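A.B. asks: Here is the input, now give the coordinates:
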Amino acid sequence: MSNDGKIENKPSVRRETAGLALGFLGVLVFGGTLPATRIALGVFNPGFVTFGRATVAAAAAVLLLLVLKRRFPRQDAGALALIELLLVFGFPILSSIAMQTVPAAHGGVVLGILPLTTSLFAALISGERPSPLFWACGVVGAVLVVLFALRDEGMQLSQGDIWLLLSCLAASLGYVVSGKLSKKMPGWEVICWALVISAPFSIVGTWLSWRPEFVTATHAEIAAFFYLGLGSMLLGFFAWNIGLAMGGIAHVSQVQLLQTFVTIAISAVLLGEVVTGETLLFAFAVVAVVSVGRWARPTHGDRLRANDKPPA
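C.D. replies: Numbering: from 1, shown residues only. Predicted coordinates:
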């Protein structure tokens, strides 16, 4: 070990880098959520999209937990119930309502404030204390995406924006709770147990929200529905929760600034929305902010959490 401690810090740097990589993988999956929701809403209603996708994800989660013979962590039941409320039901229903009135790309821009709100909840709940430079990068990134949203006169605050902002708060708090719990158990197990305890409500909600006209769903609408259940609701959280635990909640959440542009790109391909040169300029600016934030070193409290080994 060197006197300046560089050798000691190398494992931490590698772990943080791996956490950021996993967080970005989660962002890629989450980036398709709003476009897929908009496609699914072509025939399904918001209630069925919310409860149905949770039911699909819960079925897969039960199978996985049974195969691996995992025992329910009773001591964490309260945290899991909160994750259920915020991420399994809260964000999906709020964002589904929003997607009835605003374009998916617009929604992706509004959700660009997720990293900042997640960092705020992380500071309040998890005890993380990012540096002033990190906070500056978060604010600049949030300002960039807000400016992007307001660059056209038609993009004004609407009811859809309000629902999106509420969904943003639900997701942010849910990310912090699940990321904190992922330091005690594997990240994939956190979301699986949250889905399992939500299953009774999901099944009943799916049954009550079913309508006969749903049988006319196209292949694209069915595929979007199952993407939401198996991708956005399950597999995306596998990578995201592990990344939060390895790299620190506040730091890894900054990668989600890129989700805006992942959503825009997917919307362009699947929904035919146009990506302009101005959009690309904003994308490069946000990437630059994320890069600076990546190297904004945390204070002692955040470093301790970033150094924690992820659960096996």
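
A.B. asks: rest of the way, CA atoms for contacts and neighbours
C.D. replies: Will do.

A.B. asks: what mean pLDDT would you report for the helix or strand hosting residue 144?
C.D. replies: Applying DSSP states H and E as the criterion places residue 144 in helix 132-149. Helix 132-149 comes out with an average pLDDT of 78.

A.B. asks: what's the neighbour count on residue 67?
C.D. replies: Applying other CA atoms under 10 Å, we find 9 residues neighbouring residue 67.

A.B. asks: any idea how far it lies from residue 82?
C.D. replies: Separation of residue 67 from residue 82 (CA to CA, to the nearest Å): 25 Å.

A.B. asks: same thing with residue 201?
C.D. replies: From residue 201 over to residue 82 the distance is 14 Å, taken as CA to CA.

A.B. asks: next one: residue 112
C.D. replies: Using CA to CA, residue 112 is found at 23 Å from residue 82.

A.B. asks: Neighbour count for these two, which is higher?
C.D. replies: residue 112 (27 against 16).

A.B. asks: For that one, which residues are in contact?
C.D. replies: Taking CA atoms under 8 Å, 6 or more residues apart in numbering, we find residue 112 in contact with 142, 145, 146, 256, 257, 258, 259, 260.

A.B. asks: at 6 Å what do you get?
C.D. replies: For residue 112, the contacting residues are 145, 257, 260, by CA atoms under 6 Å, 6 or more residues apart in numbering.

A.B. asks: wait, which of those is closest to residue 208?
C.D. replies: residue 260 (33.2 Å; CA to CA).

A.B. asks: now the stretch 51-200 of the chain, which segments are flagged as low pLDDT?
C.D. replies: Across the stretch 51-200 of the chain, residues meeting the criterion (pLDDT under 70) sit at 126, 128, 149-157.

A.B. asks: returning to what we had before: dump the helix holding residue 144 to PDB, keeping only the CA atoms.
C.D. replies: Output of helix 132-149 as PDB, limited to C-alpha atoms (Å, rounded to 0.1, in the frame of the first residue of the first chain):
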ATOM      1  CA  PRO A 132     -20.600  21.000  -4.300                       C
ATOM      2  CA  LEU A 133     -19.300  20.400  -7.800                       C
ATOM      3  CA  PHE A 134     -21.500  17.300  -8.100                       C
ATOM      4  CA  TRP A 135     -24.500  19.300  -7.000                       C
ATOM      5  CA  ALA A 136     -23.600  22.000  -9.600                       C
ATOM      6  CA  CYS A 137     -23.400  19.400 -12.300                       C
ATOM      7  CA  GLY A 138     -26.800  18.000 -11.300                       C
ATOM      8  CA  VAL A 139     -28.400  21.500 -11.400                       C
ATOM      9  CA  VAL A 140     -26.800  22.300 -14.700                       C
ATOM     10  CA  GLY A 141     -28.000  19.000 -16.200                       C
ATOM     11  CA  ALA A 142     -31.500  19.600 -14.900                       C
ATOM     12  CA  VAL A 143     -31.500  23.100 -16.400                       C
ATOM     13  CA  LEU A 144     -30.400  21.800 -19.700                       C
ATOM     14  CA  VAL A 145     -33.300  19.400 -20.000                       C
ATOM     15  CA  VAL A 146     -35.800  22.000 -18.800                       C
ATOM     16  CA  LEU A 147     -34.500  24.400 -21.500                       C
ATOM     17  CA  PHE A 148     -34.800  21.600 -24.000                       C
ATOM     18  CA  ALA A 149     -38.400  21.100 -23.000                       C
END
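
A.B. asks: start the count at 30, not 1, going forward
C.D. replies: Yep, numbering from 30; the last one is helix 161-178 now.

A.B. asks: Show me which parts of it are buried, residue by residue.
C.D. replies: For helix 161-178, burial by neighbour count (16 or more other CA atoms under 10 Å) applies to 163-164, 166-171, 173-175, 177-178.
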